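Peer 1: sequence first, then the predicted structure, then my questions.
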Amino acid sequence: MVVTAELIRDKLLKELEAVHVDVEDTSANRCATSFKALIVSSQFEGKPLLQRQRLVNSCLAEELKEIHAFEQKALTPEQWEKQKSQ
């Protein structure tokens, strides 16, 4: 399986019903081994950071087997709006 930023983005949008997902390939030569993601979903409401990350990791279980590094920021829509206005 070839993991791409688009594949990760589409899966997170669908499975976490995310309102916004931004995924960047941060590999040195864009070889799809390292990614950075911002995920905004109401499914994160009331959940601590570790639970949010576990939700994302569980969603991407197969993809995470193929990549070297995955950095994620998981926000609720309210947190995202607050962050954008700062």
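Peer 2: Alright, I've got the coordinates.
Peer 1: the helix or strand hosting Leu38 pairs with which strands?
Peer 2: Using DSSP states H and E, Leu38 sits in strand 34-40. Strands adjacent to strand 34-40 in the sheet, as given by DSSP bridges, are strand 20-25 (antiparallel), strand 69-75 (parallel).
Peer 1: nearest residue to Ala18 in space, please, no chain neighbours.
Peer 2: Ser41 (4.3 Å; CB to CB, 6 or more residues apart in numbering). Bear in mind the C-beta positions are built from the backbone N, C-alpha and C, glycine included.
Peer 1: Ile8 now?
Peer 2: Nearest one to Ile8, counting by CB to CB, 6+ apart, is Val23 at 4.8 Å.
Peer 1: can you give me the end-to-end span of stretch 45-52?
Peer 2: Using CA to CA, to the nearest Å, the end-to-end distance of stretch 45-52 comes out at 9 Å.
Peer 1: ah, wrong one, I meant stretch 59-67
Peer 2: End-to-end for stretch 59-67, by CA to CA: 14 Å.
Peer 1: which residues touch it?
Peer 2: By CB atoms under 8 Å, 6 or more residues apart in numbering, the list of residues contacting stretch 59-67 from outside reads 1, 3, 7-8, 11-12, 15-16, 32-35, 57, 70.
Peer 1: out of those residues, which end up buried?
Peer 2: Among these, those buried by neighbour count (16 or more other CB atoms under 10 Å) are 3, 8, 11-12, 16, 32-35, 70.
Peer 1: right, I'll leave it there.
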